[in-house]
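K.L.:
sharing a model prediction with you, sequence too.
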Amino acid sequence: MTGLSSASSPDPAIWICRQGEIETTDLPDWLSETERSTVSLFSGPRRREYLASRWLLRQAIAGASGKDAAVCRPVPGRPIESQHPTGWRLSLSHSNGLCACATSSVGVIGLDIEPAERHPQWQKVVKRWFTAHEQAWLLGRNQPDQFLTVWTLKEAWLKATGRGIAGNLQTLEVSPDFRLAGDQSEPDWYASCSRVGNFLVTLVFRTAGAATPPVIRLLPEPPGSLELAPASADTQLVKPLVFTAITRRSD
């Protein structure tokens, strides 16, 4: 068995699948010991979500590298890069039955997905955590969809820069025309936000040379048995809602 051809998978790429109905009660033999220990702590929907995300991680690495999914695996613990084959950065996100994994061989990446209609009490979030400039335009326009776009950009930024939400949401500032300014000194930071079905899919990444929006690949649901057979992927052609460089903040 072989994975998808890496020649057909531009860099970076985002791999997406529905969680589906995982039927197996026995854990698949391709899980690592760390993953077996982790999944033993879960039951019900959380268990299915975890197993689906681990299936997707291996399919994403296979699709990006052209290797057999059965031999692909992420590093133990937080899956931020591949262990075999080496050389691939990873970022995982899941929400409401959807799993997504971004891959890149060039630089760091951070991925966030959110249901497009999710924005309960968003004004409180803006007042508590966003910059004064962001508060002025988001609260003035009163458009929840714009808040959610900003939120996913900030979440993806924090994942890419390796930081948590607490105390760090203001390290990326978003202007009304969606120009982005961050606190990192390195060049070549970019952000892309697209709507895929009923979800916002946002990636922050670094790259060398000319940047293009990430290619989005839709995979079928994991089989009930979680077999790591080759999975064909359909390319989702979506014009990004936002695609821009992230500049260095002047303050």
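P.N.:
Nice, thanks for sending it over.

K.L.:
so who does residue 241 touch?
P.N.:
By Cβ atoms under 8 Å, 6 or more residues apart in numbering, the contact list for residue 241 reads 149, 193-195, 200. Any C-beta I mention is one placed from the backbone N, CA and C, and that applies to glycine too.

K.L.:
and the contacts of stretch 189-196?
P.N.:
Here stretch 189-196 has contacts from 16, 116, 149, 152-153, 156-157, 160, 180, 182, 200-207, 211, 213-214, 216, 218, 236, 238-246, using Cβ under 8 Å, 6+ apart.

K.L.:
mind checking which of the residues you listed are buried?
P.N.:
Among the contacts of stretch 189-196, those classed as buried by 16 or more other Cβ atoms under 10 Å are 16, 116, 149, 152-153, 156-157, 160, 180, 182, 200-207, 211, 213-214, 216, 218, 240-244, 246.

K.L.:
so which of the residues you listed are in helices?
P.N.:
149, 152-153, 156-157, 160 (DSSP state H).

K.L.:
list just the nearest of these to residue 122.
P.N.:
Nearest to residue 122 among those: residue 149, at 11.3 Å, using Cβ to Cβ.

K.L.:
quick check: closest non-adjacent residue to that closest one.
P.N.:
Closest residue to residue 149 apart from its sequence neighbours, by Cβ to Cβ, 6 or more residues apart in numbering: residue 193 at 5.7 Å.

K.L.:
helices of the protein, residue ranges please.
P.N.:
Remark: helices assigned in the chain by DSSP H are 33-39, 44-65, 122-129, 132-141, 144-160.

K.L.:
one step back: turn the contacts of residue 241 into TSV, including distance to residue 61.
P.N.:
What follows is those, written out as TSV (distance: Cβ to Cβ, whole Å):
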residue	distance to residue 61
149	29
193	24
194	22
195	26
200	24
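
K.L.:
farthest-separated two in those?
P.N.:
Pairwise distances across those (Cβ to Cβ) peak at 10.3 Å, for the pair 149 and 194.

K.L.:
thinking again about what came up before, and the residue nearest to residue 149, bridged to which residues?
P.N.:
According to DSSP bridges, the residues that bridge with residue 193 are residue 202, residue 242.

K.L.:
before we move on, what about residue 109?
P.N.:
Going by DSSP bridges, residue 109 forms beta bridges with residue 205.

K.L.:
separation between residue 168 and residue 207?
P.N.:
23 Å (Cβ to Cβ, to the nearest Å).

K.L.:
same question for residue 101.
P.N.:
Distance from residue 101 to residue 207, by Cβ to Cβ: 18 Å.

K.L.:
repeat for residue 135
P.N.:
Taking Cβ to Cβ, one finds residue 135 at 31 Å from residue 207.

K.L.:
and the helices of the chain as TSV, adding mean pLDDT and distance to residue 110?
P.N.:
Below are these laid out as TSV (pLDDT from 0 to 100; distance: least, Cβ to Cβ, whole Å):
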stretch	mean pLDDT	distance to residue 110
helix 33-39	95	21
helix 44-65	95	15
helix 122-129	95	18
helix 132-141	97	19
helix 144-160	97	3
